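Structural data only, the sequence is not supplied:
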């Protein structure tokens, strides 16, 4: 079992302070769902949330994307998707399933995240369509306008 220490406590405090303004804007109604929209996703038999913000969407830690969420993901510049591995997993999307989602939704760019050690980076990326890449620690992108 993981024991939280002072480092963890400090990290949570810093993150809370960093995003307090966004949370307050959302609660007050100043940050609308057009700016930051939660989307229900499936995580095995459970539910998690992905988010659309402007022309980008971040959908990680999911096994399936319901039709209601897919309908809200049109016209993206950037799409981040869970793609754990090739072999099916009960709570995560596979590389093949996420490629299919990206091809269906047609974002300008897609990045796969929540990938595991079973995916050699260079070999996996070389097999992906040109607009789909594997995300990595430290990746920085600029999000353009919606299509």
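Great, that's in hand. None of the values given here were measured: they were computed from a predicted structure. Numbering: from 1, shown residues only.

Quick check: residue 72 vs residue 88, distance?
Remark: distance between residue 72 and residue 88 (CB to CB, to the nearest Å) = 26 Å. Any C-beta I mention is one placed from the backbone N, CA and C, and that applies to glycine too.

Actually, residue 10.
Distance, residue 10 to residue 88, using CB to CB: 39 Å.

Also residue 47?
In terms of CB to CB, residue 47 sits 20 Å off from residue 88.

One more: residue 14?
The gap separating residue 14 from residue 88 is 37 Å, by CB to CB.

now do residue 18
From residue 18 over to residue 88 the distance is 36 Å, taken as CB to CB.

okay, those two: which has more neighbours?
Applying other CB atoms under 10 Å to residue 18 and residue 88 shows that residue 88 carries more neighbours, namely 12 against 9.

give me the low-pLDDT residue ranges for this protein?
The chain contains no residues with pLDDT under 70.
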